[in-house]
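Peer 1: Model the following, please.
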Amino acid sequence: MRSYLALFLLFLTRVSAFPTQPGSCNEDNPLGGFHLTRAPSATEGSGGIGDGGFELVFGDVPLFDMAGVVNVVEANEMIELRVLSSNTDGFFRGFLIRISDFGDMIDDATMILQPRDSDAQRLGACNSMNIPSLAHTQNFNKTSIVGFFEYPMPVSENPIRLEVTVVVANNAGEGSVWYYSDFRLEVDSEVTSPPTRSPVNIP
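Peer 2: Numbering: from 1, shown residues only. Have a look, this model is predicted:
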């Protein structure tokens with residue numbers, strides 16, 4: 001009886017964690033648990049966030065996740081970032097924004113991304129690996145989330161990666177519906193205008 005109770009409590013713990021935060025901080029596929037079993041395509045998602053009618057905006061400038069495009073932002077400048085639905089009837093329930101390929105010169109990299117309010121949080125699984133992140137706190141329908149980005153130094157030789165995962169559904173009735181995009185950012189010492197987009201060759 002005790003073993004059954006322990007397994008039941010473990011099941012509840014695993015399931016109840018996902019409505020209040022992502023399942024993991026894994027690169028490329030931060031989803032876990034039932035996301036990977038509810039739909040045959042769950043391991044690859046449903047495309048980029050633009051395919052789901054969502055966009056990432058820095059200041060007032062939408063960023064591009066196309067191959068060969070680097071988005072240029074300014075160092076030591078707090079920039080408002082938003083993930084939002086570009087469709088009037090669109091919504092999402094979960095999300096994870098994380099930064100990778102930023103080197104090892106920043107003692108506390110988790111401060112690069114900051115939540116604005118209680119709709120976002122830094123994910124504990126990312127914090128433990130010194131990875132900047134923003135994640136959902138509840139799985140209710142939402143049309144946008146807001147946070148802040150501030151990078152403490154210029155980075156131009158190797159653009160950093162800003163990965164965005166947006167979850168629309170993860171339940172038995174709707175299945176697993178989520179979108180993932182990988183943005184490249186070059187951080188300059190001075191940018192005379194809002195974030196710009198520079199075509200460069202990315203291996």
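Peer 1: On the three-state scheme, the residue positioned nearest the centre of the chain is what?
Peer 2: Nearest residue to the geometric centre of the chain (C-alpha atoms, centre = their mean): Ile97, 1.8 Å. Classification of Ile97 by DSSP: H, G, I helix; E, B strand; the rest coil places it in strand.
Peer 1: Chain neighbours aside, what residue packs nearest to it?
Peer 2: Among residues not flanking Ile97 along the chain, Leu134 sits closest, at 4.4 Å (C-beta to C-beta, 6 or more residues apart in numbering). (C-beta placed from N, C-alpha, C; glycine too.)
Peer 1: And that neighbour, how far from Leu113?
Peer 2: Separation of Leu134 from Leu113 (C-beta to C-beta, to the nearest Å): 5 Å.
Peer 1: now do Asn87
Peer 2: Asn87 is 25 Å from Leu113, where distance means C-beta to C-beta.
Peer 1: For the two, indicate the residue with more neighbours.
Peer 2: Using other C-beta atoms under 10 Å as the criterion, Asn87 and Leu113 rank with Leu113 on top: 25 against 11.
Peer 1: what is that one paired to in the beta sheet?
Peer 2: For Leu113, the beta-bridge partners are Phe149 (DSSP bridges).
Peer 1: Quick check, it in contact with Ile131.
Peer 2: No - taking contacts as C-beta atoms under 8 Å, Leu113 lies outside contact range of Ile131: 9.4 Å.
Peer 1: Are there residues contacting both of these two? Which ones?
Peer 2: Common contact partners of Leu113 and Ile131 (C-beta atoms under 8 Å, 6 or more residues apart in numbering): Arg98, Ile99.
Peer 1: do you know how far the residue nearest to Asn76 when sequence neighbours are not counted is from Met111?
Peer 2: Leaving aside its sequence neighbours, Asn76 sits nearest to Pro152 (C-beta to C-beta, 6+ apart; 6.2 Å). From Pro152 across to Met111, the span is 8 Å (C-beta to C-beta).
Peer 1: Next: Phe58.
Peer 2: Applying C-beta to C-beta, the value for Phe58 to Met111 is 17 Å.
Peer 1: So for His136, what's the nearest residue that isn't a sequence neighbour?
Peer 2: Nearest residue to His136, sequence neighbours excluded (C-beta to C-beta, 6+ apart): Gly94, at 4.6 Å.
Peer 1: Angles on the backbone of that neighbour, please.
Peer 2: phi -130, psi 160 (degrees, to the nearest 10).
Peer 1: quick one, what contacts it?
Peer 2: Applying C-beta under 8 Å, 6+ apart to Gly94 gives the contacts Phe18, Pro22, Ala135, His136, Asn139, Val166, Val167, Asn170, Trp178.
Peer 1: Next, work out how far apart it and Asn171 are.
Peer 2: Computed as C-beta to C-beta, the Gly94 to Asn171 distance reads 11 Å.
Peer 1: for the chain, what are the low-confidence residue spans?
Peer 2: 1-18, 27-44, 103-104, 156-157, 190-203 (pLDDT under 70).
Peer 1: What segments of it are helices?
Peer 2: Secondary structure of the chain (DSSP state H): helices at 2-17, 124-127.
Peer 1: How far away from the center of its chain is the shortest one?
Peer 2: This points to helix 124-127. 13 Å (C-alpha atoms, centre = their mean, to the nearest Å).
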